[in-house]
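J.: Need the 3D shape of this:
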Amino acid sequence: MFDIITIGSAVLDIYAMSDKLILTKDLLGVAPSTKSEISQGFFTCGGGATNTAVTFSKLELKTGCLSLVGDDHLNYFIKKSLKKFGVNRRLLIVDPKSTTDYSIILVANDGTRSVLVDRGEYDLQEKHIPWSKIKKTKWFYISSLSGNINLLEKLIGFAKENNIKIALNPGNRELKKRQILIPLLQHVDFLLLNRMEAQDLTQLNFDNKNFWPKLQSYGAKISSVTNGRDGAYVFENEQIYYSPILNIHAVDETGAGDAFGSAFTAALIYGLSSQEALLWGVRNSASVVSELGAKNNILTLKEIKQKKLCFPNQKKTKKQK
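T.: Below you'll find the model as predicted:
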């Protein structure tokens with residue numbers, strides 16, 4: 001019996017931070033025909049399914065990760081990382097015909113990052129899902145399925161048949177099929193979007209007075225919209241709750257959305273209110289972006305329950321001094 005199964009991508013992430021990175025309003029990169037030193041870098045597993053799985057595991061929930069990887073040496077790093085954080089790896093699907101996805105993440109000094117991705121030849125398909133092994137779970141946390149709306153529909157239908165609750169963080173390719181996606185949202189217990197994704201889904205600007213009513217009309221029980229460094233919003237029962245981000249210096253923004261959504265969902269699993277879940281999400285997200293990598297500073301259950309959190313890169317306000 002799992003508390004939650006995360007479903008989506010598993011990627012090998014290669015991080016690189018360098019003082020030689022050029023950062024402007026429209027560009028993050030390196031000068032052509034140069035060789036620059038990396039000040040900090042490492043390999044780890046990423047992707048929506050593994051990032052969220054680690055949060056759930058560190059918050060003491062029994063967690064399985066359902067993803068597709070290739071039969072190559074890259075999947076070793078993903079398996080090793082999941083094992084390190086106590087995530088059950090039995091649902092990890094190894095496809096001998098595929099290659100493991102990997103990404104190169106360039107990180108600027110202020111936490112801004114650009115990601116280069118090499119996706120494997122195949123994506124997670126219905127044939128890969130071990131349906132009999134995923135019945136006994138309380139929740140699914142579904143992130144991007146590479147635009148496979150048919151698989152999403154199958155997973156949602158399976159969840160409803162087996163009394164499994166659903167948290168959904170759709171990717172851009174699912175949102176491009178919004179006419180098919182929207183009818184499915186009435187079966188979702190928690191919908192997580194960032195501002196741009198929410199605008200794409202509703203076809204309305206975030207500041208439009210009809211934005212929240214339209215988002216609510218899709219039927220998800222709880223909807224949350226993260227707005228980068230401007231905080232996060234939660235909409236439930238015609239009530240909107242807001243939280244600003246914690247006042248810290250961001251080292252790396254990779255995985256902030258995954259950290260927020262998974263901690264929020266974990267709070268719901270523990271029976272907390274949406275307002276309390278919002279605080280869990282903000283705390284976990286702030287902790288993750290205060291260090292390099294999407295998993296290196298995920299909070300434990302004891303840490304996330306603390307009312308006042310201290311991070312090594314936290315900025316002091318006048319009241320704190």
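
J.: Spatially nearest residue to the residue nearest to the spatial centre of the chain (excluding sequence neighbours)?
T.: Compute the mean C-alpha point of the chain, and by C-alpha atoms, centre = their mean the closest residue is residue 258, 2.0 Å away. With sequence-adjacent residues excluded and distances taken as C-beta to C-beta, 6 or more residues apart in numbering, residue 258 is closest to residue 51, at 3.8 Å. C-beta here means a position set from N, CA and C on the backbone, and glycine is covered the same way.

J.: Where does the one you found fall, secondary structure wise?
T.: Using DSSP states H and E, residue 51 maps to helix 48-58.

J.: how about the CA coordinates for stretch 288-302, as PDB?
T.: Coordinates of each C-alpha in stretch 288-302 appear next as PDB, following Å, rounded to 0.1, in the frame of the first residue of the first chain:
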ATOM      1  CA  VAL A 288      14.800  24.000  -2.500                       C
ATOM      2  CA  VAL A 289      15.700  27.200  -4.400                       C
ATOM      3  CA  SER A 290      18.100  28.200  -1.600                       C
ATOM      4  CA  GLU A 291      20.500  25.500  -2.800                       C
ATOM      5  CA  LEU A 292      21.700  24.200  -6.100                       C
ATOM      6  CA  GLY A 293      19.600  21.300  -7.400                       C
ATOM      7  CA  ALA A 294      15.900  20.300  -7.200                       C
ATOM      8  CA  LYS A 295      16.400  17.800  -4.400                       C
ATOM      9  CA  ASN A 296      19.300  19.000  -2.200                       C
ATOM     10  CA  ASN A 297      17.300  21.000   0.300                       C
ATOM     11  CA  ILE A 298      13.900  19.400   0.400                       C
ATOM     12  CA  LEU A 299      12.400  19.700   3.900                       C
ATOM     13  CA  THR A 300      11.700  16.900   6.200                       C
ATOM     14  CA  LEU A 301       8.400  16.500   8.000                       C
ATOM     15  CA  LYS A 302       9.900  18.000  11.200                       C
END
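
J.: any idea which helix is longest in the protein?
T.: What stands out as the longest helix in the chain, according to DSSP state H, is helix 274-289.

J.: Could I get the average pLDDT for that helix?
T.: Per-residue pLDDT over helix 274-289 has a mean of 92.

J.: Against which helices or strands is it packed?
T.: strand 222-226, strand 232-236, strand 239-243, helix 256-269, helix 301-304 (3 or more C-beta pairs under 8 Å, 6 or more residues apart in numbering; DSSP states H and E).
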